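Participant: Need a 3D model of the following:
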Amino acid sequence: MPITHPAPHDFAFPENGGDILQVTDLHFSYPDGHVALQGVTLHLSEGDKVALVGPNGAGKSTLILHLNGILSGQGGLSVSGLPLTEKNLPVIRAAVGLVFQNPDDQLFSPTVFEDVAFGPLHMGLPEAEVRARVEEALEQVRMTNYKDRLSHHLSAGEKKRIAIATVLSMHPKILVLDEPTAGLDPRARRALINLLRDLPITMLVSTHDMTMVRELFPRMVVLDEGRIVADGPTTDILNDAALLEAHGLEKP
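Facilitator: Here you go, the predicted structure:
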């Protein structure tokens, strides 16, 4: 019998006691033998805003790519109590809004409207609902007047916000961003930080921008050599000079 996939827009997640994301003892090695994740366990509750930090090569991007099934390692991973399996993959990918570091990896349609509408259209939503979601997502990123603009003509900061809108239009349960402030000038960086502060959504952000971490994220997770070496209040971790030095981080 063929595998049937649940429709992302009408799927009811199981009761899960408030946890949005559950990663349990996750291991992953690349085909060349490089071990990227070594027993990562991480839970996010609804409303959490968490920074994921660590030196280059720590495994941050590898972990992020597991959260909606782009990569698949050994261990447990579920979103709102729904395990990540082949059958559940369409629902998980709608629930985990992944924003890549380079917005050009995410924007491929001629206009902003078409980019933001792409996800809802492929969820099988009716046209009126698609249009409503596009308007809502653009309003959330303060780009309402840009829907008819050509995506490739936008500035780096504008592209970043439109990339976020493309996942918000899917009504995700968690927003996951990889280096959101990379490549932005000071004004665009400040606008993005203010935007992320105001978004009422559970958030996991991988970043080297420690000033943003201090300002925006109450909780901080430090990943190094594929292991979580610290997970707790941002203020406490930033005041631990020995921990920061040991894992290639600097206090902002």
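
Participant: where do the strands sit along the chain?
Facilitator: Ranges of strands in the chain, per DSSP state E, are 19-29, 35-45, 49-53, 74-79, 82-83, 96-99, 174-178, 202-206, 219-224, 227-233.

Participant: Can you give me the neighbour number for A132?
Facilitator: For A132, the neighbour count with other C-beta atoms under 10 Å is 14. C-betas here are computed from N, CA, C, even on glycine.

Participant: Adding mean neighbour count and mean pLDDT, write the strands of the chain out as JSON lines.
Facilitator: Shown next, in JSON lines, are the strands of the chain (neighbours: other C-beta atoms under 10 Å; pLDDT from 0 to 100):
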{"stretch": "strand 19-29", "mean neighbour count": "18", "mean pLDDT": "94"}
{"stretch": "strand 35-45", "mean neighbour count": "18", "mean pLDDT": "95"}
{"stretch": "strand 49-53", "mean neighbour count": "23", "mean pLDDT": "96"}
{"stretch": "strand 74-79", "mean neighbour count": "18", "mean pLDDT": "94"}
{"stretch": "strand 82-83", "mean neighbour count": "16", "mean pLDDT": "92"}
{"stretch": "strand 96-99", "mean neighbour count": "23", "mean pLDDT": "94"}
{"stretch": "strand 174-178", "mean neighbour count": "23", "mean pLDDT": "95"}
{"stretch": "strand 202-206", "mean neighbour count": "23", "mean pLDDT": "96"}
{"stretch": "strand 219-224", "mean neighbour count": "22", "mean pLDDT": "96"}
{"stretch": "strand 227-233", "mean neighbour count": "16", "mean pLDDT": "96"}
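
Participant: I'd like these as JSON lines, with distance to I162 appended.
Facilitator: Conversion of those to JSON lines gives the following (distance: least, C-beta to C-beta, whole Å):
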{"stretch": "strand 19-29", "distance to I162": "24"}
{"stretch": "strand 35-45", "distance to I162": "25"}
{"stretch": "strand 49-53", "distance to I162": "21"}
{"stretch": "strand 74-79", "distance to I162": "24"}
{"stretch": "strand 82-83", "distance to I162": "28"}
{"stretch": "strand 96-99", "distance to I162": "10"}
{"stretch": "strand 174-178", "distance to I162": "14"}
{"stretch": "strand 202-206", "distance to I162": "18"}
{"stretch": "strand 219-224", "distance to I162": "28"}
{"stretch": "strand 227-233", "distance to I162": "32"}
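
Participant: Ok, which of those strands comes nearest A117?
Facilitator: strand 96-99 (15.2 Å; C-beta to C-beta).

Participant: now the closest one, how far from the chain's geometric center?
Facilitator: In terms of C-alpha atoms, centre = their mean, to the nearest Å, the centre of strand 96-99 is set 4 Å apart from its chain centre.

Participant: can you count the residues close to the closest residue to H152 other than its chain neighbours?
Facilitator: Excluding the flanking residues, the one nearest H152 by C-beta to C-beta, 6 or more residues apart in numbering is L107, at 7.3 Å. Other residues lying near L107 total 20 when counted by other C-beta under 10 Å.

Participant: okay, L107: pLDDT?
Facilitator: L107 carries a pLDDT score of 90 in this model.

Participant: how much space is there between it and M212?
Facilitator: In this view, L107 and M212 are 23 Å apart by C-beta to C-beta, to the nearest Å.
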